[in-house]
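Student: need a 3D model of the sequence below.
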Amino acid sequence: MTHHFHKGILFYHEAAGQGNIFKELGQVTENLTQLCDDLTIKLSKEEGQIKSFCKEIAENNHVSTYDVLFILGGDGTLNELINGVVENNLQIPIGVLPGGTFNDFTKTLNLSQKPMQASQDLLNSQIKSFDILDVNGTYALNFAGIGLMVQNAENVQSNQKELLGKFSYVFSTIKTVSNPEIYKYKLTADGKEYSGETSMILVANGQNVGGSKIPLEDLSPNDGKMNIFIFDNQNFSIINDFFKVKDSMNWNEISDSITHISCESATLATDPNAKLDIDGEILFETPVNIKLLKDQVKLLYLDINNQ
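Tutor: Reported below is the predicted structural model:
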């Protein structure tokens, strides 16, 4: 066990977990109580409660009473906690337990995709600082994007997602591809201008999006750079190929239709305005200003190289 904490809090959402949430809570707390002496469990019944609690911690000067935060939930729930921590400047490490459909950032943290096993992984974890994206004042740990990925998300009905899980996105794709929206875009990245037409733009900080790994091995969520992928080809097949490529060796096979930009800041405008997906939440439309903020959050990370 690498770290031991005095007092922690575990946030969970009613819809979190991949089975019986109360059974999973019992399983994960058995491990988490080995990490900290005093563990509080707090249910998030509706959106915004986690952010409000983070604000209470900061305003009541109770930061010292908690030295670790745990979250059992999907990418959207994790995004709310990240925003609460960053907005209130809480320098408290976060332990992430997967409780959603994709759990993209737990893969980046080298954690298991099962809550109980992930809680066991945390027993051997280290604290590591990670970058975040600032998107018009909203923070994203993993990604922001426009185009087909937003169309897909909007096509998935909530009850369908609960029944079908990841496969619901596959069925949604069939409907989306038949009529993809095409946007004219103007992008300025670190002072350099780009323009053209696209069906999707992905701005990535993490290494995994939509359950798939981005096929470039040198991408890092703590290198001070964000990675922008502009899909120039209007055919969906190139996007499908992008997420099927397993490593950088095959990158050249598809890169002719994809513009890859590594930068610290960018502005993006589209015609027509495009809805923006931020870590699984559709919050606002273009135009947007995006900045990479280095070393903004501390996360519990499993170093698989030293196992």
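Student: what domains does the record give for the protein?
Tutor: As assigned by automatic domain parsing, the chain contains the domains 5-124, 140-294.
Student: distance between the ends of the longest one?
Tutor: For domain 140-294, the separation between the terminal residues is 12 Å (C-alpha to C-alpha, to the nearest Å).
Student: report the distance from that domain to the chain centre.
Tutor: 12 Å (C-alpha atoms, centre = their mean, to the nearest Å).
Student: avg pLDDT for it?
Tutor: For domain 140-294, the mean per-residue pLDDT is 81.
Student: and residue 215, that's in a helix?
Tutor: No. Applying DSSP: H, G, I helix; E, B strand; the rest coil, one finds residue 215 to be coil, outside a helix.
Student: over to it: give its phi and psi.
Tutor: The phi and psi torsions at residue 215 (degrees, to the nearest 10) take the values phi -80, psi 50.
Student: before we move on, the earlier item: of all the domains of the chain, which lies closest to residue 301?
Tutor: domain 5-124 (5.0 Å; C-beta to C-beta). (C-beta placed from N, C-alpha, C; glycine too.)
Student: about what we covered before: deepest-packed of the domains of the chain, please.
Tutor: Mean neighbour count (mean count of other C-beta atoms under 10 Å) peaks for domain 5-124 among the domains of the chain, with a mean of 19.
Student: still on that earlier bit, can you redo the domains of the chain as TSV with distance to residue 134?
Tutor: Converted to TSV, the domains of the chain look like this (distance: least, C-beta to C-beta, whole Å):
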stretch	distance to residue 134
domain 5-124	9
domain 140-294	4
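Student: residue 303 is nearest to which of those?
Tutor: Here domain 5-124 is closest among the domains of the chain (C-beta to C-beta), at 7.4 Å.
Student: and the end-to-end length of the closest one?
Tutor: This stretch, domain 5-124, spans 13 Å end to end (C-alpha to C-alpha).
Student: all numbers from here: first residue = 5
Tutor: New numbering, starting at 5: the last item is domain 9-128.
Student: what about it, distance to the chain center?
Tutor: From the chain centre to the centre of domain 9-128 is a distance of 14 Å (C-alpha atoms, centre = their mean).
Student: wait, doesn't residue 48 sit right on residue 17?
Tutor: Yes. Between residue 48 and residue 17 there is a contact under C-beta atoms under 8 Å: 5.0 Å.
Student: common neighbours of the two, please.
Tutor: Common neighbours of residue 48 and residue 17 (criterion: C-beta atoms under 8 Å, 6 or more residues apart in numbering): 77, 81.
Student: how close does residue 62 get to residue 301?
Tutor: Residue 62 is 15 Å from residue 301, where distance means C-beta to C-beta, to the nearest Å.
Student: what's the answer for residue 125, then?
Tutor: Taking C-beta to C-beta, one finds residue 125 at 18 Å from residue 301.
Student: so residue 189: helix, strand or coil?
Tutor: Under three-state DSSP, residue 189 falls in the strand class.
Student: now it. Nearest residue, chain neighbours left out?
Tutor: Among residues not flanking residue 189 along the chain, residue 274 sits closest, at 4.9 Å (C-beta to C-beta, 6 or more residues apart in numbering).
Student: partner strands of the helix or strand encompassing that neighbour, with direction?
Tutor: Assigned by DSSP states H and E, residue 274 belongs to strand 269-275. When pairing is defined by DSSP bridges, strand 269-275 lines up against strand 187-193 (antiparallel), strand 292-305 (antiparallel).
Student: to residue 159, which of the ones you listed lies closest?
Tutor: Of all the strands paired with strand 269-275, strand 187-193 sits nearest to residue 159, with 17.6 Å by C-beta to C-beta.
Student: what's the first helix or strand after the closest one?
Tutor: Criterion used, DSSP H and E; the element after strand 187-193 is strand 196-202.
Student: what comes into contact with the next helix or strand along the chain from that next one?
Tutor: Sequence-wise, the next helix or strand downstream of strand 196-202 (DSSP H and E) is strand 204-208. Contacting residues not belonging to strand 204-208 are listed as 137, 139, 146-153, 189, 191, 213, 218, 223, 230-235, 243, 270, 272, 294 [C-beta under 8 Å, 6+ apart].
Student: in strands, which of those appear?
Tutor: Using DSSP state E, 137, 139, 147-151, 189, 191, 213, 230-235, 270, 272, 294 are the members of those that sit in strands.
Student: residue 34 - that's part of a helix, no?
Tutor: Yes. Per three-state DSSP, residue 34 lies within a helix segment.
Student: where along the stretch 5-154 of the chain do the helices fall?
Tutor: Using DSSP state H, counting those that start in this stretch, the helices of the stretch 5-154 of the chain run over 25-39, 53-63, 79-91, 108-112, 119-126, 152-159.
Student: quick one: mean pLDDT for the shortest one?
Tutor: Helix 108-112 shows a mean pLDDT of 89 in the predicted model.
Student: done for today, thanks.
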